[in-house]
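Enquirer: return a 3D structure for these sequence lines:
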Amino acid sequence: QVQLVESGGGLVQTGGSLKLSCVASGSIFGIRTMNAMAWYRQFPGKQRELVASIATDKSTNYADSLEGRFTISRNNAKNTVYLQMDSLKPEDTAVYYCAAGLLLTSPNDFWGQGIQVTVSS
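Expert: Take a look at the predicted model:
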């Protein structure tokens, strides 16, 4: 089993930046199956949606709606994935979830608890 723990969320003003971090821990076998790590977000009353994902080889996949404002990265040695969020807008307000799994397009085998990001206008 793999545990994912997010950090770095909070309240920021429009136009500001936040950097989310997610550390994976647990069974070595489970961590080795995590080809891809990702960030999803969920708006109130909506389904969770993929924000960005990154594979072990650092190839990435982004949601089209981000307009280049977010950057995903990872440190394989530390089993950590990051999400740098710039030029934040109130519509980015959501609960952000870290996830990990096999497929770059939709890694969803393991989930974090979620972290709130609130962008004030």
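Enquirer: which residues does the residue nearest the centre of the chain bridge with?
Expert: The residue lying closest to the centre of the chain (C-alpha atoms, centre = their mean) is W39, at 2.1 Å. Beta-bridge partners for W39, by DSSP bridges, are A52, C98.
Enquirer: what segments of the chain are helices?
Expert: Under the criterion DSSP state H, the chain contains helices at 28-32.
Enquirer: could I get the full set of strands for it?
Expert: Applying DSSP state E to the chain gives strands spanning 2-7, 10-13, 18-26, 36-42, 49-55, 60-62, 70-75, 80-85, 94-101, 110-111, 115-120.
Enquirer: contacts made by the shortest one with the rest, please.
Expert: Same thing as strand 110-111. For strand 110-111, contacts defined as C-beta atoms under 8 Å, 6 or more residues apart in numbering pick out Q1, V2, Q3, L4, A24, G30, M34, Y97, C98, A99, A100, G101. C-beta here means a position set from N, CA and C on the backbone, and glycine is covered the same way.
Enquirer: neighbour-wise, which of the residues you listed leads?
Expert: Ranked by the number of neighbours (other C-beta atoms under 10 Å), the contacts of strand 110-111 place C98 first, at 28 neighbours.
Enquirer: check contacts around L104.
Expert: N35, A36, S53, I54, A55, S59, N61.
Enquirer: buried subset of the residues you listed as a ChimeraX selection?
Expert: Those of the contacts of L104 that count as buried under 16 or more other C-beta atoms under 10 Å are selected in ChimeraX with:
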select :35,36,53,54,55,61
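Enquirer: adding pLDDT and distance to A77, write the contacts of L104 out as a markdown table.
Expert: Formatted as a markdown table, the contacts of L104 follow (pLDDT from 0 to 100; distance: C-beta to C-beta, whole Å):
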| residue | pLDDT | distance to A77 |
| --- | --- | --- |
| N35 | 90 | 16 |
| A36 | 94 | 17 |
| S53 | 97 | 19 |
| I54 | 96 | 15 |
| A55 | 94 | 15 |
| S59 | 95 | 18 |
| N61 | 95 | 22 |
